[in-house]
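>>> Okay, predicted coordinates and the sequence, questions at the end:
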Amino acid sequence: MMPEIQINSEAIARDTLEFLQVQSETCTEGPGSLFLAGLMRREGFDVTLDPVEPGRPNVLCRIAGNSWSEFPFHRP
């Protein structure tokens, strides 16, 4: 059974507005990636940055207790 999830719409709005202030255009996504990684870490996610190109990391997030095979969109 999944635990009940509490959604804080004010926090979501605040975080979204903060993200919109981050310079993160195509080819300069680094600051946006770092912002997202920080936000996810703050919420307790295990986050890894994968430096695909200098200044352009991908953000990888793993949810504790789950494996990739449990996600319906994952196609091995």
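That came through, no problem. Numbers count the residues shown, from 1 in each chain.

>>> Against which helices or strands is whichever helix or strand Ser33 is part of packed?
Assigned by DSSP states H and E, Ser33 belongs to helix 30-42. Applying 3 or more Cβ pairs under 8 Å, 6 or more residues apart in numbering; DSSP states H and E, one finds that helix 30-42 contacts helix 9-20, strand 46-53, strand 56-62. C-betas here are computed from N, CA, C, even on glycine.

>>> Turn the ones you listed into CSV, columns for mean pLDDT.
Putting the helices and strands packed on helix 30-42 into CSV (pLDDT from 0 to 100) gives the following:
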stretch, mean pLDDT
helix 9-20, 95
strand 46-53, 91
strand 56-62, 89
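
>>> Would you reformat the ones you listed as JSON lines and include distance to Gly38?
Output for the helices and strands packed on helix 30-42, formatted as JSON lines (distance: least, Cβ to Cβ, whole Å):
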{"stretch": "helix 9-20", "distance to Gly38": "10"}
{"stretch": "strand 46-53", "distance to Gly38": "8"}
{"stretch": "strand 56-62", "distance to Gly38": "10"}
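
>>> Alright, calling it a day.
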